[in-house]
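Student: Let me see the structure of the following:
(one chain, ligands or ions: 1)
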Amino acid sequence: MITPKVPKIIFGGDYFPEQWPEEIWKEDIRLMKQSNVNMVSIAIFTWALLQPDENTYTFDWLDKVMDLIAENGIYACLATSTAAPPVWLACKYSDVLPVTESGQRIDYGSRQAYCINSPTYRKFIRKLAEKMAVRYKDHKALALWHINNEYANKNQMCFCGNCEKLFREWLKKKYKTIDRLNEIWGTVFWGEKYFSWDQINTPKASSGSRNSTKLLDYKRFLSESFFTLYLEEYDVLRKITPDIPVTTNFEGDWRKFDHSLFKDHLDVVSWNCYPDPANPDSRKWAALRHSMMRSLLGRPFMIMEQAPSQVDWYPVNINKPPGLMRLWSYQALAHGSDSIMYFQWRASKKGAERYHSGMIPHFGEDSRVFKEICGLGNELEKVKDIVGSDIDSKVAIVMDNDSWWTVDNPYGSAGSKSLDNETFWNANAQPFPSVLVSYFGELEYYFNALYDLNVPVDVIPVHYDFSKYKIVIAPLLHMIKPGFKDAVEDFVKKGGIFVTTYFTGLIDESVGVYLGGYPGPLKDVMGIRVEEYNPLPPGGRNAMKMAVKLDGFKKDYGCSVWCDVIHTTGAKVLAAFATDYYAGSACFTENQFGNGRAYYVGTRPDKDFMRDFLTKILNDQGLEISDLPEEVELMTRSKKGKSYCFYLNYGENEKTIKLPSGRYEDILTGTICERTLTLAKYGVSILRSKWH
Ligand code: GLA
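Tutor: Alright, predicted model coming up:
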């Protein structure tokens, strides 16, 4: 359960009463009751209201809001307001503002215009968190803390003098001596040797490509800075309100900081889920991110925000047509969310987000969107039993920020160019074999192939424990860090199946290439050595010719993007390339290791191969694949021996599903089903086995 104060599915949204006159608040309460809202996120961007100057704190406004919701049985997910520093703070202390790579200070005038390492900003947020915690610690409405808002969304990658100073300290702690730093960074290359700590700058643009290890270390430093920033508030709240759970809402994009750093200091993972209704693969996009969020703590998470209809930041923002908001809400529950919340309660009249949908649209309560909100909010009463139930995945995909940061390179080498914030943070920007290679793209490719087989998958940070899984897949794990080799070998020896792909195991944790063949430390468990690689040009193709006959496999499959030239040192060749100078050499191998097996896929296979290969290893491990009509998804949550099977139809037409034997009750309708289930367009059924 997310908070003992709300022992049901949490339903509500970001509530900004500060944008409206008080007479509207009464209307809000009436409509919240009508739609069965039980929690609202408040005070997200109200720092300026709560602290009009350095020495004055005024809580009258927030007291009124807190009292009003409490009187009406609604709970507060109380934000700490720190995502939008007040103008007076920036005017008085300019060091709170971030500085771009080219030295420009970003001005105030929007939210998130702060340097994540600014001691001034940090001092003020600690104080504000303390004032809020002391004031509301015994308030009936306080059910959950919401620290800041969506770290890294618009935060700039900062290059100010203070960040530079802290970066040096961080490096000193890590490398102890400047000689060691020079060795690890490989500064002998291009004669970049540093003679003292104060010569070290942030990795700004220079005349050509920058030092790769320095760049990676800077991203690691900033990633940790987000975490220590969070701790500034977390420690205060934990001390004053030890029984109130704490969260911060993640963006759903893992690139800018390693979310696993937060793991031991989060009571619940929450995230903001905004799939694009115009994207036919939106359900996969959301499923992957739900899995990432659920796997972080291995327990139910929260949807802190989703759009009631359209957003305002895709190039074209189409509406969610009737029924889609409900369907996607149930998808979140199916994947382990115990909440459905929205941005935002009432569509804004003013400000940058006025074209973003709200639970109450500009049109008012008599609108399609509000009617759908009411329908869902009231229906959720029927599913409160699922709260706290888990998803038992036996397949894990591992994810690693360092591999991501050293691979993704869609823009090519940056050379001497200054980079805009997004490019810098999201890309490797280094000389690299191919702009067509994408770390997260490969991970997504494997996830989607498993999704198409209706297999529940955890997406776990690379250093998590593998023991509960039967299959572990590490797509394109470019960097192999200490401990990973032993973890994989142990997992496989005990009977696990491990899968990895091309361009895995190239570098160690300091970006030094493993010599003697890839995938570096995984050579033994894989039973191969990769001698060289050949990235294929855009549209370039090769084929994988099966070398052995395997049940359920075709004779050959197409492939693209990349070809590894592989020597086997114990592994069996299952398929070989069809063309090029390496025709006939292995592209897909299997290695028996202890009681388990390790598979290497040295290319990007077409989808039919993915289906056949994954089906084989799932069958080999005795894992179930549900045979469902196209566009139907099944996810099962269980608790205390009870199972809840979520069937979701994303198709435009009715679908009939063959059920496993038994009698089931649809908890949404009370209908008893046997043998088949019919789902209307965008239909949802949650089946509970009748005789449990
Ligand atoms: C993010 C923010 C919200 C709002 C929405 C709009 O998730 O956290 O404050 O801006 O985007 O989609």
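
Student: Gly516 and Glu531: what is the separation?
Tutor: 10 Å (Cβ to Cβ, to the nearest Å). In short, each C-beta sits where N, CA and C put it, glycine included.

Student: These two - which one has more neighbours?
Tutor: Per other Cβ atoms under 10 Å, whichever of Gly516 and Glu531 has more neighbours is Glu531, with 13 against 7.

Student: And the helix or strand containing the more buried one, what does it pack against?
Tutor: Using DSSP states H and E, Glu531 falls within strand 528-535. Counting by 3 or more Cβ pairs under 8 Å, 6 or more residues apart in numbering; DSSP states H and E, the packing neighbours recorded for strand 528-535 are strand 556-568, strand 586-593.

Student: I would like the residues contacting that strand, please.
Tutor: Residues from elsewhere that reach strand 528-535 (Cβ atoms under 8 Å, 6 or more residues apart in numbering): 433-434, 436-437, 502-503, 516-519, 523, 561-569, 571, 580, 582, 586, 589, 591, 600, 602.

Student: Repeat that for stretch 542-551.
Tutor: Stretch 542-551 has contacts (Cβ under 8 Å, 6+ apart) with 536, 553-560, 563, 572-580, 586-588, 603, 605, 609, 616.

Student: switch to 6 Å and redo it
Tutor: 553, 555-559, 563, 573-579, 587-588 (Cβ atoms under 6 Å, 6 or more residues apart in numbering).

Student: before we move on, the earlier item: out of the helices and strands packed on strand 528-535, which is closest to Thr656?
Tutor: With respect to Thr656, and counting by Cβ to Cβ, the nearest of these is strand 556-568 at 31.5 Å.

Student: Which elements pack onto that closest one?
Tutor: strand 528-535, strand 541-546, strand 603-605 (3 or more Cβ pairs under 6 Å, 6 or more residues apart in numbering; DSSP states H and E).

Student: Neighbouring strands of the shortest one in the sheet, and parallel or not?
Tutor: Strand 603-605 has the following sheet partners, assigned by DSSP bridges: strand 556-568 (antiparallel).

Student: how about the CA coordinates for the strand it pairs with, as PDB?
Tutor: Taking Å, rounded to 0.1, in the frame of the first residue of the first chain, the C-alpha atoms of strand 556-568 are listed here in PDB:
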ATOM      1  CA  ASP A 556      17.300 -18.300 -42.300                       C
ATOM      2  CA  TYR A 557      16.500 -14.800 -41.100                       C
ATOM      3  CA  GLY A 558      17.400 -11.300 -42.100                       C
ATOM      4  CA  CYS A 559      19.500  -8.900 -40.000                       C
ATOM      5  CA  SER A 560      20.800  -5.400 -40.100                       C
ATOM      6  CA  VAL A 561      22.800  -2.600 -38.200                       C
ATOM      7  CA  TRP A 562      25.800  -4.600 -37.200                       C
ATOM      8  CA  CYS A 563      27.800  -7.800 -37.800                       C
ATOM      9  CA  ASP A 564      30.300  -9.200 -35.400                       C
ATOM     10  CA  VAL A 565      33.100 -11.500 -36.600                       C
ATOM     11  CA  ILE A 566      33.100 -14.200 -34.000                       C
ATOM     12  CA  HIS A 567      35.500 -17.100 -33.100                       C
ATOM     13  CA  THR A 568      33.900 -19.800 -31.000                       C
END
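
Student: Tell me what angle it forms with strand 528-535.
Tutor: 130 degrees (axes from the mean of the first three to the mean of the last three Cα atoms, to 10 degrees).

Student: Give the rounded mean pLDDT of strand 556-568.
Tutor: Model confidence over strand 556-568 averages 98 on the pLDDT scale.

Student: Name the residue of the stretch 451-600 of the chain that lies nearest to the ligand.
Tutor: Nearest residue of the stretch 451-600 of the chain to the ligand: Val459, at 20.5 Å (Cβ to the nearest ligand atom).

Student: Any of the contacts of stretch 542-551 buried? List them.
Tutor: Among those, those buried by neighbour count (16 or more other Cβ atoms under 10 Å) are 553, 557-559, 563, 573-578, 587-588.

Student: Strands along the stretch 351-500 of the chain, start to end?
Tutor: Ranges of strands in the stretch 351-500 of the chain, per DSSP state E, counting those that start in this stretch, are 395-399, 457-461, 471-474, 497-501.

Student: For the second one, which outside residues touch it?
Tutor: I take that to be strand 457-461. The contact list for strand 457-461 (Cβ under 6 Å, 6+ apart) reads 260, 291-292, 295, 393, 395-399, 450.

Student: out of those residues, which are buried?
Tutor: With neighbours counted using 16+ other Cβ under 10 Å, the contacts of strand 457-461 contain these buried positions: 260, 291-292, 295, 393, 395-399, 450.

Student: Which members of those are the farthest-apart pair?
Tutor: Of all pairs in the buried ones among the contacts of strand 457-461, the most separated under Cβ to Cβ is Ser260 and Leu450 at 21.3 Å.

Student: How many residues are close by the residue in the stretch 401-550 of the chain that the ligand sits nearest to?
Tutor: At 15.4 Å from the ligand, Glu422 is the closest residue in the stretch 401-550 of the chain, using Cβ to the nearest ligand atom. For Glu422, the neighbour count with other Cβ under 10 Å is 12.

Student: try Trp404
Tutor: Counted with other Cβ under 10 Å, residues neighbouring Trp404 total 23.

Student: Next, the contact list for the closest residue to it other than its chain neighbours, please.
Tutor: Nearest non-adjacent residue to Trp404, counting by Cβ to Cβ, 6 or more residues apart in numbering: Tyr439, 4.6 Å away. By Cβ under 6 Å, 6+ apart, the contact list for Tyr439 reads 403-404, 407-408, 476.

Student: Just the ones of those in helices?
Tutor: 403-404, 407 (DSSP state H).

Student: Closest to Cys273 out of those?
Tutor: Relative to Cys273, the closest of these is Trp404; by Cβ to Cβ it sits at 20.3 Å.

Student: On the three-state scheme, Val40 is what?
Tutor: What DSSP: H, G, I helix; E, B strand; the rest coil gives for Val40 is strand.

Student: so what's the closest residue to it other than its chain neighbours up against?
Tutor: In this structure, Val40 finds its nearest non-sequential neighbour in Tyr15, 3.8 Å apart by Cβ to Cβ, 6+ apart. Applying Cβ under 6 Å, 6+ apart, we find Tyr15 in contact with 40, 42, 345.

Student: same thing but 10 Å
Tutor: By Cβ atoms under 10 Å, 6 or more residues apart in numbering, the contact set of Tyr15 is 25, 28, 32, 37, 39-44, 65, 69, 74, 76-77, 342, 344-346, 359.

Student: For it, what are phi and psi?
Tutor: For Tyr15, the backbone dihedrals (degrees, to the nearest 10) come out as phi -120, psi 120.

Student: Check whether the residue of the stretch 401-550 of the chain closest to the ligand really touches Asn155, as I assumed.
Tutor: No - using Cβ atoms under 10 Å as the test, Glu422 is too far from Asn155 to be in contact (11.4 Å).

Student: that older thread, could I get the strands of the stretch 351-500 of the chain as a markdown table with mean pLDDT?
Tutor: Converted to a markdown table, the strands of the stretch 351-500 of the chain look like this (pLDDT from 0 to 100):
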| stretch | mean pLDDT |
| --- | --- |
| strand 395-399 | 98 |
| strand 457-461 | 98 |
| strand 471-474 | 99 |
| strand 497-501 | 99 |
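
Student: Nearest to Glu665, out of those strands?
Tutor: strand 457-461 (27.6 Å).

Student: so what strands line up beside the closest one?
Tutor: Assessed with DSSP bridges, strand 457-461 is paired to strand 395-399 (parallel).

Student: For the nearest residue to Pro535 once chain neighbours are set aside, the count of nearby residues, please.
Tutor: Nearest residue to Pro535 in three dimensions, chain neighbours excluded: Ser434, at 3.6 Å (Cβ to Cβ, 6+ apart). Ser434 is flanked by 17 other residues according to other Cβ under 10 Å.
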